[in-house]
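Engineer: Below is the sequence, then the predicted model.
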Amino acid sequence: MVRLLVRQMLETLGFVVVDEADPAIAIAIALDAIPAFDLVVSDVVMPGMTGGEMVQRIHEAQPGLPVVFMSAYAPEKAYFEHGLPPSAPYLKKPFTREGMAEKVNLALGR
């Protein structure tokens, strides 16, 4: 449900979105994407691996790819317990379209 909402928010902001529920498949898609993606938006907690682990694997092939993490966890807990990159923007659930736009623009350096 959240994935669909995030997809709709990003599309209304003008982004083309590729979404995937399974982090292992998301990694494969990101690594095979031509041209490379401009941004990853990931939940912190997912089945099979954390968002931090998924992004770390993507960054092995695409270092510096911007990322926005989202979670219902307090940011301090998410960064500490789930190994998020300290510079990655963090979006606390629940959030608005405007909140999403702010974090995406921050990640993209806009």
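Structural biologist: Perfect, thanks for sending it.

Engineer: Do you have the strands of the protein handy? List them.
Structural biologist: Applying DSSP state E to the chain gives strands spanning 40-43, 67-71, 90-92.

Engineer: nearest to Leu108, of those strands?
Structural biologist: Smallest distance to Leu108 across the strands of the chain (CB to CB): 9.2 Å, for strand 67-71. (C-beta placed from N, C-alpha, C; glycine too.)

Engineer: Could you export the closest one as PDB, CA atoms only?
Structural biologist: Extracted C-alpha coordinates of strand 67-71, given in PDB (Å, rounded to 0.1, in the frame of the first residue of the first chain):
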ATOM      1  CA  VAL A  67      18.800   7.800  -2.000                       C
ATOM      2  CA  VAL A  68      15.900   8.800   0.200                       C
ATOM      3  CA  PHE A  69      15.000   6.400   3.100                       C
ATOM      4  CA  MET A  70      11.600   6.300   4.700                       C
ATOM      5  CA  SER A  71      10.400   4.700   7.900                       C
END
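
Engineer: Can you give the strand pairings for that strand, parallel or anti for each?
Structural biologist: According to DSSP bridges, strand 67-71 forms sheet pairs with strand 40-43 (parallel), strand 90-92 (parallel).

Engineer: tell me the mean pLDDT for stretch 12-22?
Structural biologist: Mean per-residue pLDDT for stretch 12-22: 94.

Engineer: and it, how far out from the chain's middle?
Structural biologist: Mean C-alpha position of stretch 12-22 versus that of the full chain (CA atoms, centre = their mean, to the nearest Å) differs by 10 Å.
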